[in-house]
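Undergrad: sequence? don't have it. structure:
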């Protein structure tokens with residue numbers, strides 16, 4: 001099962017990267033169908049083996065709370081309040097595909113592994129899928145192959161995910177895991193993973209996403225603080241120097257150099273609206289709508305109501321979208337799911353041994369990067385892979401933190417001495433032992 005799930009993760013990423021979509025009915029794709037079948041098999045195995053389903057119970061509870069509240073507000077928004085232009089069926093399909101499916105994907109990868117090696121196989125499948133997506137993005141961007149990846153009007157690549165900022169968050173999520181695989185490998189495998197990390201860095205530059213770069217910078221800063229006791233500053237200095245050389249070469253000789261320099265350096269003297277690409281105005285408009293109805297700061301407007309309102313753009317902020325639609329339940333529950341998984345992986349990384357420690361640290365760094373990047377973008381497709389990744393890492397956390405079984409007594413010195421059998425009189429009463 002772990003090998004199959006790792007291969008399935010690789011294939012799902014490959015089909016998304018190649019724009020292969022098989023959807024027999026709305027809301028059901030081949031990707032979902034595969035995961036549903038695996039979920040059924042896992043459920044049957046757990047029932048037969050009487051396996052507990054309470055692992056990561058707090059995170060499961062947060063998922064259920066957010067899904068339940070979203071379901072109630074979906075019904076209220078459509079049947080009670082009756083917002084204009086609110087599509088009941090489309091919002092229901094979105095509820096299933098963007099909340100319920102995330103929970104199912106998380107559970108499948110949480111219960112799909114039984115040993116640390118199983119978890120590592122599944123993580124490797126996810127990372128290889130990300131490597132494949134990055135490679136074909138570079139090949140398409142430089143005209144070596146033609147896969148029809150969209151290039152924005154400003155020259156930024158949308159990549160395998162289909163949108164520049166979302167793809168940048170996806171890259172930031174799996175880049176630390178790629179580097180961790182290189183660190184724990186030897187010979188040709190190390191060379192392969194190092195080349196994969198360089199390709200990932202190149203695709204991040206091709207997206208020219210400021211949110212992605214901010215997420216990467218935050219991941220590096222937080223990681224340097226959390227794991228300062230593990231850092232070899234001489235080795236880090238070498239890696240930073242090599243990365244700077246690579247950056248200078250790309251900016252100098254690549255067609256993306258001018259675009260990257262313009263987006264990173266050209267907005268230094270601009271106003272807040274220009275620096276944020278209009279996001280500050282979008283956020284102010286959404287918050288103004290909530291101020292007009294103060295109760296929505298607590299309850300939210302309802303599941304997917306934002307898309308039915310006459311706003312020109314999406315929120316471009318994951319946390320604001322949760323708050324606007326689902327109120328405090330959505331904001332607190334959604335934030336807890338994201339940051340709790342990072343915190344759990346961080347605690348486990350402090351007691352794990354290599355190579356498990358490296359992948360746990362990688363998830364912490366990637367998770368921090370994504371948590372930062374989604375302050376500037378709404379993710380859709382990448383969330384599937386985040387929750388797959390989070391599910392298998394949470395299993396690795398449980399396995400690392402499992403208390404060792406009690407060791408049986410094997411030393412002769414640990415065996416208590418057997419008392420001599422007392423002598424008894426003719427009536428069966430024990431006679432006191434007299435020491436000579």
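TA: Thanks, I have it. All values reported here derive from a predicted model rather than from experimental measurement.

Undergrad: tell me the centre residue of this protein?
TA: residue 386 (2.8 Å; CA atoms, centre = their mean).

Undergrad: list the buried ones in the one helix or strand that one maps to?
TA: Per DSSP states H and E: residue 386 is located in helix 381-401. By 16 or more other CB atoms under 10 Å, the buried positions in helix 381-401 come out as 382-400. Just so you know, the C-beta spots here come from the backbone N, C-alpha and C atoms, and that holds for glycine as well.

Undergrad: for the stretch 301-436 of the chain, what spans make up the helices?
TA: Taking DSSP state H, counting those that start in this stretch to define them, one finds helices in the stretch 301-436 of the chain at 318-349, 356-373, 381-401.

Undergrad: so which of the ones you listed is nearest residue 156?
TA: helix 356-373 (15.0 Å; CB to CB).

Undergrad: packing partners of that closest one?
TA: Other elements packing on helix 356-373 under the criterion 3 or more CB pairs under 8 Å, 6 or more residues apart in numbering; DSSP states H and E are helix 116-141, helix 164-183, helix 210-226, helix 318-349, helix 381-401.

Undergrad: mean neighbour count, the ones you listed: which tops it?
TA: Ranked by average neighbour count under the criterion mean count of other CB atoms under 10 Å, the helices and strands packed on helix 356-373 are headed by helix 164-183 at a mean of 26.

Undergrad: what's the pLDDT at the closest residue to residue 212 other than its chain neighbours?
TA: Nearest residue to residue 212, sequence neighbours excluded (CB to CB, 6 or more residues apart in numbering): residue 168, at 2.6 Å. We have a pLDDT of 91 for residue 168.

Undergrad: surely residue 168 touches residue 205?
TA: No. Using CB atoms under 8 Å, residue 168 and residue 205 do not qualify as a contacting pair, with a distance of 9.7 Å.

Undergrad: residue 166 versus the residue nearest to residue 220 when sequence neighbours are not counted, what's the distance?
TA: Beyond its immediate neighbours in the sequence, the residue positioned closest to residue 220 (CB to CB, 6+ apart) is residue 365, lying 7.6 Å away. In this view, residue 365 and residue 166 are 19 Å apart by CB to CB, to the nearest Å.

Undergrad: kindly report the same for residue 70.
TA: In this structure, residue 70 lies at 21 Å from residue 166, with CB to CB as the measure.

Undergrad: show the contacting residues for residue 177.
TA: Residues touching residue 177, when contacts are defined by CB atoms under 8 Å, 6 or more residues apart in numbering, comprise 123, 126, 127, 130, 359, 362, 363, 366.

Undergrad: hmm, try it at 10 Å
TA: If you count contacts by CB atoms under 10 Å, 6 or more residues apart in numbering, residue 177 has them with 123-124, 126-127, 130, 193, 197, 200, 358-359, 361-363, 365-366, 389, 393.

Undergrad: please apply the same query to residue 120.
TA: Under the criterion of CB under 10 Å, 6+ apart, the neighbours of residue 120 are 2, 6, 113, 181, 184, 355, 356, 359, 392, 396.

Undergrad: ok, and the most crowded of the residues you listed?
TA: Neighbour counts for those were taken using other CB atoms under 10 Å; the highest belongs to residue 392, with 31 neighbours.

Undergrad: that one touches residue 9, doesn't it?
TA: Yes. Checked against CB atoms under 10 Å, the pair residue 392 and residue 9 is within contact range at 8.8 Å.

Undergrad: pLDDT below threshold where in the stretch 51-200 of the chain?
TA: Of all residues in the stretch 51-200 of the chain, those with pLDDT under 70 make up the ranges 148-155.

Undergrad: how far off centre is stretch 39-53?
TA: 24 Å (CA atoms, centre = their mean, to the nearest Å).

Undergrad: list the buried residues of that stretch.
TA: The neighbour-count criterion (16+ other CB under 10 Å) identifies 39, 42 as the buried residues of stretch 39-53.
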